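J.: Have a look at this prediction, sequence included:
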Amino acid sequence: MVSSVEVEDRPRAAAWPPERQSAYERVRDGLRAYRMIAAMWIRSTMAYRASFAMATFGNFAATALDFVAKLLMFSQVDRLGGYSLPEVAFLYGIAGTAFGIADLAFGSMDRLGRRVRDGTLDTLLVRPVPVLAQIAADRFALRRLGRITQGVLVLGYAIAVLDISWTPLRLLLIPLMLLSGGAIFAAVFVAGGAFQFVAQDASEVQNSFTYGGNTLLQYPPTVFAQDLLRGVTYVFPLAFVNWLPALYVLGRPYPLDLPTWVAFTPPLVAAGCCALAGIAWRAGLRSYRSTGS
């Protein structure tokens, strides 16, 4: 039986990293810990190379079926919401690649609720390593590269087929969308993990915003109602992952008639999302009171 004093002391471990550390030092320590834990899991994975190859191919094939479904759809129609197959492939490739990057780096966040329920989170709190880094790198799954590869291939097909007058700004938006979109999805993963401190069995709720958001962004915005578009633009800014900047590249207006310069704001939106996710994470971690056993 653990005494009440010990239980009350446990949340103090959640204050890692120490408050005396600067923000730069906290980020540096977190990245170092993440790199070491991920490297450990990669070495473990590569010990069975055939298994790794089959798992990666399986991940690639499973995600490829999403695009096959769209190919079947376009075998019956010429356009979807006014968009051609290459245009939909462009949206799909950007969303899929950005999500794949976030899923590779933070896909293990959905296991947090299980750790809270069974008490194994306590073992992470007593280590002199940032808890977020430990959770995110836990069981680092290199097989998720299959999703990224599939998204890049679809994006490459779309760029090769689309008749776009490329300018420096349009070219700049491609890597900007991938990096900013990955950061936005990563913030959603972290915020979903923070929510699991309160609702311990909430991995499916988190998945509805991460995997569900990725599925939403694979289709053109013209097929959705205006209220939904306002929600994913002003409240839950998934539209900044690909819709707003991608429509600028494609030369199409956004259904909400936003100004053109909004297409270049995803880095700012991503920074804001990451900051809010960080606040939510620290609040959730400090509210944790252990299982008491």
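T.: Received, thanks.
J.: so which strand or helix has Glu204?
T.: Using DSSP states H and E, Glu204 maps to helix 203-217.
J.: I'd like the distance from that helix to the chain centre, please.
T.: 9 Å (CA atoms, centre = their mean, to the nearest Å).
J.: Also stretch 231-241?
T.: Offset of stretch 231-241 from its chain centre (CA atoms, centre = their mean): 14 Å.
J.: what's it in contact with?
T.: 94-95, 98-99, 177, 180-181, 184-185, 209, 213, 216-217, 221, 229, 243-244, 254, 256, 258, 265-266, 269-270, 273 (CB atoms under 8 Å, 6 or more residues apart in numbering). (Glycine included, C-beta is placed from N, CA and C.)
J.: my read: Phe67 touches Leu85, true?
T.: No - contact criterion CB atoms under 8 Å: Phe67 and Leu85 do not qualify, at 10.2 Å.
J.: Can you tell me how far the residue nearest the centre of the chain is from Leu238?
T.: The centroid of the chain falls nearest to Phe185 when counting by CA atoms, centre = their mean (2.9 Å). Per CB to CB, to the nearest Å, Phe185 is found 8 Å from Leu238.
J.: So for the helix or strand hosting Leu91, mean pLDDT?
T.: Assigned by DSSP H and E, Leu91 belongs to helix 85-106. Confidence over helix 85-106 (mean pLDDT, whole number) is 95.
J.: Which strands and helices lie in contact with whichever helix or strand comes after it?
T.: On the C-terminal side of helix 85-106, the nearest following helix or strand under DSSP H and E is helix 112-118. Secondary-structure packing of helix 112-118 (3 or more CB pairs under 8 Å, 6 or more residues apart in numbering; DSSP states H and E): helix 121-125.
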